[in-house]
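Student: Fold the stuff below for me.
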Amino acid sequence: MEASIGYDPSYVWRSILGTREEVRRGIKWRVGDGKDIQVWKDPWLPGASSGLVISSKPNLAVEDKTGIFAAPQCPLCQTVIPESLEHIFLRCAWTQRLWFAAPVSLRSDMIDALRPWLESLISGADPSLLQLIVMLLWAVWKQRNDVLFQNASPSIEATINMAFGVLNDWLAVQEQHEPRDTTHDEESTSDLPTWKRPAPGCFKLNIDAGWAGEHGQGYGLVIRVHEGECFFATTSFSPYRLSPLMAEAVGVRWALAEALRIDMDSVIMETDLVEVISCFVGRKCVANLETVIQDCRNLAVQFASFSIVHTKREGNRVAHALAAKASDYQNRCWWSEFPSFLNSAILADVFSVSI
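Tutor: Numbers count the residues shown, from 1 in each chain. Sure thing, here's the model as predicted:
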């Protein structure tokens, strides 16, 4: 239907082309995969008399390289500048606020280009962090389209919540299909690592982060003295789920701030993620974790004495129990009369350091 008459056409070819307009008025596309249909020009709509789209075409330019509909100004920040993927995801003032507000604490204005940044994440980032960033990118794109095509009002909080909601649903499905590791089910409890007491005059901080409930992140902190007795315990809850690595780093930052708030002086901190310790001491830092880790360093230098060490999960069970209950207790502190669910873990630790 798009053929040209050409140079010196034959009588037959001229006759065939002479009927083209009559044929055009009576045919419609069978859609199939739709890749060859010109949406605005070809008759493809079933049921319509002409088969043509009769609504007005959006007044949008199409970006040559990406094929996206590019608005003459950014729908999110209202800057009068032709849209590009770099602007939508990195340069837009609204998007920059979103990246900083999200738990990744990302400074997108310091990223030069979108594609190399994504390639570096794919090759080197923690998989859970990569999942979160990709979901936030999708949510930004969806919010942009809702503003552009449905006159929605852009909301940073709603966009972050949408990203976490979809990510949590996806992760929940993945969990249902992960095989259970039973290799340590028969391990003797006498061989398991246990909590170790701090030196006299020091306080030991055990921190753990974990998923609390169906849609939230829980944090648990317990502070104990040389004899093993609990001095302070607290929980914190956030509706935003993070990657395990990012969550533990955020938990360490929160725990340090709590210890300073209650005037701790000499502290030893234990966490069960060795990667966080590596980042803290400067051996290696995962992409996008630098901001949180630097916050931790700035807090740590305010103590008279500070060290951070690794413990296995079995040595961190009290903090783990607190994190698991954070959705029930939200932001709660205990100085005495600790919750009953902690008693067995606390007593087990005290017993293990006494034998």
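Student: Can I take it that A139 is in a strand?
Tutor: No - counting by DSSP: H, G, I helix; E, B strand; the rest coil, one finds A139 to be helix, located in no strand.
Student: That one and N298, how far apart?
Tutor: 30 Å (Cβ to Cβ, to the nearest Å). From N, CA and C alone the C-beta is placed, and that goes for glycine too.
Student: now swap in F89 and tell me
Tutor: Counting by Cβ to Cβ - F89 and N298 are separated by 29 Å.
Student: picking that back up, okay, A139 and N298: which has more neighbours?
Tutor: Neighbours were counted for A139 and for N298 using other Cβ atoms under 10 Å; A139 has more, 22 against 11.
Student: List the buried residues of stretch 227-241.
Tutor: For stretch 227-241, a neighbour-count test (16 or more other Cβ atoms under 10 Å) marks G228, C230, F232, A233, T234, T235, S236, F237, S238, Y240, R241 as buried.
Student: tell me the contacts of the third one?
Tutor: Neighbour list for F232: L221, V222, I223, I262, C333, W334, W335 [criterion: Cβ atoms under 8 Å, 6 or more residues apart in numbering].
Student: rerun that using 6 Å as the cut-off
Tutor: Shown in contact with F232 (Cβ atoms under 6 Å, 6 or more residues apart in numbering): I223.
Student: Who does it form a beta bridge with?
Tutor: F232 has these beta-bridge partners by DSSP bridges: I223.
Student: For the stretch 201-350 of the chain, just list every one of the helices.
Tutor: Counting by DSSP state H, counting those that start in this stretch, the segments of the stretch 201-350 of the chain that form helices are 244-261, 274-281, 290-300, 317-324, 326-329, 340-352.
Student: could I get those helices as JSON lines with distance to C202?
Tutor: Listed next are the helices of the stretch 201-350 of the chain as JSON lines, based on distance: least, Cβ to Cβ, whole Å:
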{"stretch": "helix 244-261", "distance to C202": "12"}
{"stretch": "helix 274-281", "distance to C202": "18"}
{"stretch": "helix 290-300", "distance to C202": "14"}
{"stretch": "helix 317-324", "distance to C202": "17"}
{"stretch": "helix 326-329", "distance to C202": "26"}
{"stretch": "helix 340-352", "distance to C202": "16"}
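Student: For V134, which of those is the nearest?
Tutor: V134 lies closest to helix 244-261 among the helices of the stretch 201-350 of the chain, at 14.2 Å (Cβ to Cβ).
Student: Please enumerate residues in contact with the closest one?
Tutor: Counting by Cβ under 6 Å, 6+ apart, 126, 128-129, 205, 207, 209, 217, 219, 221, 236, 267, 271, 273, 275-276, 289, 292, 295-296, 299, 302 sit against helix 244-261.
Student: From R261, how far off is F237?
Tutor: Distance from F237 to R261, by Cβ to Cβ: 18 Å.
Student: per-residue pLDDT, the residue nearest to W99 when sequence neighbours are not counted?
Tutor: Spatial nearest neighbour of W99, chain neighbours left out: L106 (4.0 Å); criterion: Cβ to Cβ, 6 or more residues apart in numbering. As predicted, L106 sits at a pLDDT of 71.
Student: Which stretches in the stretch 1-150 of the chain count as helices?
Tutor: Using DSSP H, counting those that start in this stretch, helices in the stretch 1-150 of the chain cover 11-18, 20-26, 85-86, 93-101, 114-124, 127-150.
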